[in-house]
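Undergrad: 3D, please:
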Amino acid sequence: MSGAKPSSAPLCTTTPLKLQDGSAATDAKVFRSILGAMQYLTLTRPDLCFAINKMSQFMHQLTQIHFQQLQRVMRYLKLTMNFGLTLKKPTSLSLYAYSDADWGGNLDHRTSTYAFVIYVGGNPVSWLSKRQRTVARSSTEAEYRSIATTTAEIMWLMNLLSELGIPIPTPTVSHISTMDQRADILTKPLSRAQFIPLRSKLVVTDGDPILQGCNR
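TA: Below is the predicted model of the structure:
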């Protein structure tokens, strides 16, 4: 991959990912090895959560298109090698969350992908991108399931912070526009124009200037 062209987004928006895509089957050994190593990246790179979660759904029936998309994820990593979470000292320890669901986005089973990202003091501390187990009958049902999972995570975090002696007010839940929906990056492939602003709002930024400063 040293000579490969970098990619500005991990997945292509025009190539549908599904089990039966018409391309030839290919050896899954290398695919599984690379994807297994990438799983660890999701601990500090929420911008990669959806792509890695989506690719892992095809390990048992791998095709050439799946492998090409994995290579695209690697080309994105090449471009963002020094990217990571930029945690800042908060001015207040407010807790808030973004929750979203892509209704019927799975082309094989028509299940939905749900996601959340939770912030404490302006820093993301918990995030998830996962396929729902059953088919939602409407977008509202898919969204409610996502909200329920997000609420459970919020309650767990509030209890943890309470045990640490850190009081957190109950987070406000309200509707926001699609452009401000930070969890959208965790539910579906996005174009470069959509992906980069949301990645910035996840506080995933280029750490190269910081690294250069440490070396001076």
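
Undergrad: What ranges in this structure fall below the confidence cut-off?
TA: Under the criterion of pLDDT under 70, the regions of the chain flagged as low confidence span 1-2, 170-172, 175, 178-179, 208-216.

Undergrad: all strands of it, in order?
TA: With DSSP state E applied, the chain shows strands at 83-85, 95-102, 113-120, 123-131, 204-206, listed in chain order.

Undergrad: Quick one: those as TSV, columns for distance to residue 5 and mean neighbour count too.
TA: Glycine gets a C-beta too; all of them are placed from N, C-alpha and C. TSV is the format used below for these (distance: least, C-beta to C-beta, whole Å; neighbours: other C-beta atoms under 10 Å):
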stretch	distance to residue 5	mean neighbour count
strand 83-85	18	18
strand 95-102	28	22
strand 113-120	28	24
strand 123-131	26	19
strand 204-206	19	17
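
Undergrad: CSV for the ones you listed, including distance to residue 154?
TA: Putting those into CSV (distance: least, C-beta to C-beta, whole Å) gives the following:
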stretch, distance to residue 154
strand 83-85, 20
strand 95-102, 6
strand 113-120, 6
strand 123-131, 9
strand 204-206, 21
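
Undergrad: For residue 31, find the nearest of the ones you listed.
TA: Taking C-beta to C-beta as the criterion, residue 31 comes closest to strand 123-131 out of the strands of the chain, the separation being 18.7 Å.
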